[in-house]
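*Asks:* here you go, sequence then predicted model.
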Amino acid sequence: MFTNMEDGNYAVYKNKLYKASIRENGELALYSKTKDFPGFTESVFEGVYQLIVKESEVSEAYELTTYGVIDGEKFDIVGKGDNGTILCTYDHKKAEKFSFMRVERCEYCKEVANCEFVQERESILD
């Protein structure tokens, strides 16, 4: 499933989804462009507010990652090219199978005009 959300860390706090970052001691920083709740303060990022919460205060926290898929095989997305999406892999056999070009010692990339996109969530909570 593809949600059009950008890759990164997210957390659900009081039934609202926020961009998030992991802090020390079991805490998360939540980011918003508005002061949604008391306690949000200006962050180091201009026009962005933050709230520090304990992991136990969020109902969910995860890292969202988008992949390009060709014939059922997932590939990392590294950018957009002139003619499509640039996919990469470190798997030599997958690279050969899909005619990827070697760009580094163990890295292979290919620009594709059409591919499916999938997003995966992985928990960032301990």
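*Replies:* Right, received. Where do you want to start? Numbering: from 1, shown residues only.

*Asks:* going forward, measure contacts and count neighbours with C-alpha atoms only.
*Replies:* Fine.

*Asks:* just read off the phi/psi values of the residue of the chain most remote from its centre.
*Replies:* Here the chain reaches farthest from its C-alpha mean at Pro38, the gap being 27.8 Å by CA atoms, centre = their mean. Phi and psi for Pro38, reported as degrees, to the nearest 10, are phi -60, psi 140.

*Asks:* the residue lying closest to Ser99 once chain neighbours are set aside: what secondary structure?
*Replies:* Spatial nearest neighbour of Ser99, excluding adjacent residues (CA to CA, 6 or more residues apart in numbering): Lys110 at 7.7 Å. Under the three-state scheme (DSSP: H, G, I helix; E, B strand; the rest coil), the conformation of Lys110 reads as strand.

*Asks:* just checking, what packs against the lowest-mean-pLDDT helix or strand in the chain?
*Replies:* Among the helices and strands of the chain, strand 41-42 carries the lowest confidence by mean pLDDT, DSSP states H and E, at a mean of 88. Using 3 or more CA pairs under 8 Å, 6 or more residues apart in numbering; DSSP states H and E as the contact criterion, the secondary-structure elements in contact with strand 41-42 are strand 49-54.

*Asks:* other residues contacting the strand it packs on?
*Replies:* When contacts are taken as CA atoms under 8 Å, 6 or more residues apart in numbering, the neighbours of strand 49-54 outside the stretch itself are 26-35, 39-43.
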